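Predicted model, plus sequence, below.
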Amino acid sequence: RKLITFLIATANIIPGVFAFSGFTVGIRSHKYIPTRFQVDRSPYSGHDFASMEVTRLNSIKSIENVNDCESSNAPWFTEEQMHFTLGYMNKHHSGALKSFVETFSQLGVEQIRKNSFSGGSFSIESAKLLNIDKNFLYLDSAIKIRGKTELHHETVKISLDAKPTAPMLRTHPDLPVISSDMEETVHPVDNFVRRCCRLCIIANHESMTGKLLQLGTQIGGQGVGILKENLYLNQVPHNRYVRKYFYEMVSKAVLDAVQLCSEGKIGNRMKTTIMFPEMNPSMDSYRIGTLLEAVRCIAITLAEQNLRVRVCVQGSMGVGIFTGLPKQLSGVSALLSRMDWQSNEGEENEGMIGNFVNFGAIGAEHVVNGGGTDTNGNEIHQDDVFLLICPQSMVGLESSIYEPLSDMVRAAGDRPIILINPDLTDKVSSQGQQSIRGRQERIDFSNSFETVFHFQNIYYSGTSYFPILGAISKFGPTSAWVAYQRRDRLDGKSEVYVPTLLSESQPDGESVLNTFES
């Protein structure tokens, strides 16, 4: 078996009191209002994403207008969608439907009980999906009973939020129910797909989840979790439209996360991981300019919502002559201030820098709480959001990022703190400072940051990072995790990332590999 390697990280939401203010549009001078959501000044270099949408095989033209309706007011499945879904599920996933009956219904319990003393007394032979509504699957189960020549049929109703029956808990996981808030914000097709994928994982049919995600796209869903075709991430440097595609995705995810934080629905500790080749510091293709362009896009997006953003890069660390910065962050502070933010007089973001976007380092002293005036008599405004670029420890004594970062988190209170490509793992150090003492506390602190965006390529194990095998992603704070397998089309001139696994938690390497091989 070929092994795959990619970073596995988990994040937990830290409960607490959320007093972070919502997005009320304040009154400010027109000269300080950003006017657009854009990073680079160049067009897409002739590439048109509209022509690069994922091909919808067997698409149903009569329901194309489903995407135009608001998600919260969208109707349930149309007749065409229902007919297509029932036919597909019954033809291609009859085994999974049978497992649903065995795992989630009393028929499965009865089968175990009656067969406990005499095997074959009661056997569920097959299951056929009859109907789907907002909360239930309706299946016709065919049962073979010893002594009877004809199959007995019984209709079973299974909740889309079902839990495995008590006898099945020994061999099947009990996963948390997906939040009910999703019904108001997600298209009904995508709602069904995500909840049904949860049932598939519980019933040990993980490989079915990627196919359901593709089904949702084909019958009129909003394409949640689908990647653009022809990204060509194996080609470095990347095309500008590819970079912008990721910039816009991560900016939207961060903005959604800050909004949810202001509503008290998630914690204020967040992190984003953007690890396509130009953003991966362990690869020769790493480009600091790509990272800073992504940060600029995020900062501008937040500033457009009247939020004051502080972009922070950690300062020098270490003791005595062993003082310095991680190589990845060398010169980043100077580059940030020299970037083209279009903030000068007469430009699109006139007055943004110094008013709605400011720079700093990591530490409690760099948290501005507002109130009073500075030496020039200008009013001091409170920072609303903190963007921390690649916080990480260094090899050596007194070089752990934990102390200044934790101090800054405490000083910020309930305001959003977003780590961009963090590495909070311990490094080699003398006297056990980063290996023994306080290790569990540092691990818990690292895990307290919730992932609000994640994209990372998957590679064959070994010394080479090419070719790319696939990717794993999470495109928003409430989105599911999706694994993809990269495939070349038959013409050899294009590529596509095919979803193979959808999960509510970050999947491990074995699960991803199993879905690749299925």
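That came through fine. Numbers count the residues shown, from 1 in each chain.

low-confidence ranges in this structure?
The model of the chain has pLDDT under 70 over residues 1-75, 181-185, 322, 372, 374-375, 396-398, 428-437, 461-464.

remind me, longest helix of it?
Using DSSP state H, we find that the single longest helix of the chain is helix 240-262.

In its sheet, which strands sit next to whatever helix or strand comes next after that helix, and in what direction?
Moving toward the C-terminus from helix 240-262, the next helix or strand (DSSP states H and E) is strand 269-275. Within its sheet, strand 269-275 is paired with strand 417-420 (parallel), strand 450-460 (parallel), according to DSSP bridges.

was I right about Pro326 contacting Met394?
Yes - between Pro326 and Met394 there is a contact under CB atoms under 8 Å: 5.7 Å. The C-beta positions use only the backbone N, C-alpha and C, and glycine is treated the same way.

These two: who's more crowded?
Met394 (24 against 20; other CB atoms under 10 Å).

For that one, list the residues it contacts.
Met317, Gly318, Gly324, Leu325, Pro326, Lys427 (CB atoms under 8 Å, 6 or more residues apart in numbering).

Show me the strands in the stretch 151-300 of the chain, by range?
152-159, 269-275 (DSSP state E, counting those that start in this stretch).

Ok, the stretch 351-500 of the chain next?
Under DSSP E, counting those that start in this stretch, the stretch 351-500 of the chain gives strands at 357-360, 385-389, 417-420, 450-460, 468-474, 481-488, 495-503.

Pro173 is nearest to which of the ones you listed?
Of all the strands of the stretch 351-500 of the chain, it is strand 495-503 that lies closest to Pro173, at 11.0 Å by CB to CB.

which residues are in contact with that closest one?
Contacts to strand 495-503, defined as CB under 8 Å, 6+ apart, come from residues 54, 193-194, 197, 201, 206-207, 209-210, 212-214, 225-227, 229-232, 470-471, 480-489, 507, 511-512, 515-516, 518.

Against Glu450, how distant is Asp383?
20 Å (CB to CB, to the nearest Å).

Please disregard the earlier target; I meant Leu405.
According to CB to CB, Leu405 and Glu450 sit 16 Å apart.

Same check on Ser94?
Distance from Ser94 to Glu450, by CB to CB: 38 Å.

quick one, which of these two is more surrounded?
Neighbours per residue, other CB under 10 Å: of Ser94 and Glu450, the larger number sits with Glu450, 19 against 14.

okay, the strands of the stretch 151-300 of the chain, which one's buried deepest?
With neighbours taken as mean count of other CB atoms under 10 Å, the strands of the stretch 151-300 of the chain reach their highest mean count in strand 269-275, at a mean of 22.

now that one against strand 385-389, angle please.
40 degrees (axes from the mean of the first three to the mean of the last three CA atoms, to 10 degrees).

List of residues touching strand 269-275?
7, 9, 11, 14, 246, 250, 253-254, 257, 261, 291, 294, 409, 416-422, 448-457, 477.

next one: it to chain centre, how far?
Between the centre of strand 269-275 and the centre of its chain there are 9 Å (CA atoms, centre = their mean, to the nearest Å).

What of stretch 357-376?
Using CA atoms, centre = their mean, the offset of stretch 357-376 from its chain centre is 31 Å.

likewise stretch 96-114?
Between the centre of stretch 96-114 and the centre of its chain there are 33 Å (CA atoms, centre = their mean).

What residues sit buried inside that stretch?
Residues 96-105, 107-108, 111, 114 are the ones in stretch 96-114 that count as buried (16 or more other CB atoms under 10 Å).

Among the residues you listed, which one lies nearest to Cys390?
Cys390 has its nearest neighbour among these in Ala96, at 42.0 Å by CB to CB.

What residues does that closest one make contact with?
By CB under 8 Å, 6+ apart, the contact list for Ala96 reads Cys200, Ala203, His205, Met208.

most surrounded residue in the residues you listed?
Comparing those by number of neighbours (other CB under 10 Å), Met208 comes first, having 26 neighbours.

I'd assumed His93 was in contact with that residue.
Yes - between Met208 and His93 there is a contact under CB under 8 Å: 5.7 Å.

Could you tell me which residues make contact with Lys128?
Lys128 is in contact with Asn90, Ser94, Leu97, Leu139, Asp140, Ala142, counting by CB under 8 Å, 6+ apart.

and these, which of them are in helices?
Applying DSSP H to these, the entries found in helices are Asn90, Ser94, Leu97.

nearest spatial neighbour of the second one, skipping sequence neighbours?
Counting by CB to CB, 6 or more residues apart in numbering, the nearest residue to Ser94 once its immediate chain neighbours are dropped is Ser126, at 6.3 Å.

what's the neighbour count on the one you found?
By other CB under 10 Å, neighbour count at Ser126 equals 18.

okay, now the nearest residue to Lys157 once chain neighbours are set aside: neighbour count?
In this structure, Lys157 finds its nearest non-sequential neighbour in Phe136, 5.1 Å apart by CB to CB, 6+ apart. Residues lying near Phe136 (other CB under 10 Å) number 15.

and Phe136, what is it in contact with?
Phe136 neighbours (CB under 8 Å, 6+ apart): Lys157, Ile158, Ser159, Leu160.

Ok, Arg146 next?
By CB under 8 Å, 6+ apart, the contact list for Arg146 reads Ser118, Gly120, Ser121, Phe122.

now that we have these, which one has the most neighbours?
Greatest neighbour count in these, by other CB under 10 Å, goes to Phe122: 18 neighbours.

How much space separates that one from Asn268?
Taken as CB to CB, the span from Phe122 to Asn268 is 53 Å.

swap in His454?
Taking CB to CB as the measure, His454 falls 18 Å from Asn268.

Check Ala96 too.
Using CB to CB, we find Ala96 at a distance of 39 Å from Asn268.

cool, Ile274 as well?
Distance, Ile274 to Asn268, using CB to CB: 20 Å.

Quick one: end-to-end distance for stretch 87-107.
Chord length of stretch 87-107, first to last residue, is 24 Å (CA to CA, to the nearest Å).

again, but for stretch 228-243
12 Å.

cool, stretch 368-382 as well?
Counting by CA to CA, you get 5 Å between the two ends of stretch 368-382.

Pull out the buried positions in that stretch.
By neighbour count on 16+ other CB under 10 Å, the buried set for stretch 368-382 is Val368.

now swap in stretch 234-242 and tell me
Neighbour-count burial for stretch 234-242 flags His238, Asn239, Arg240, Tyr241, Val242 (criterion: 16+ other CB under 10 Å).
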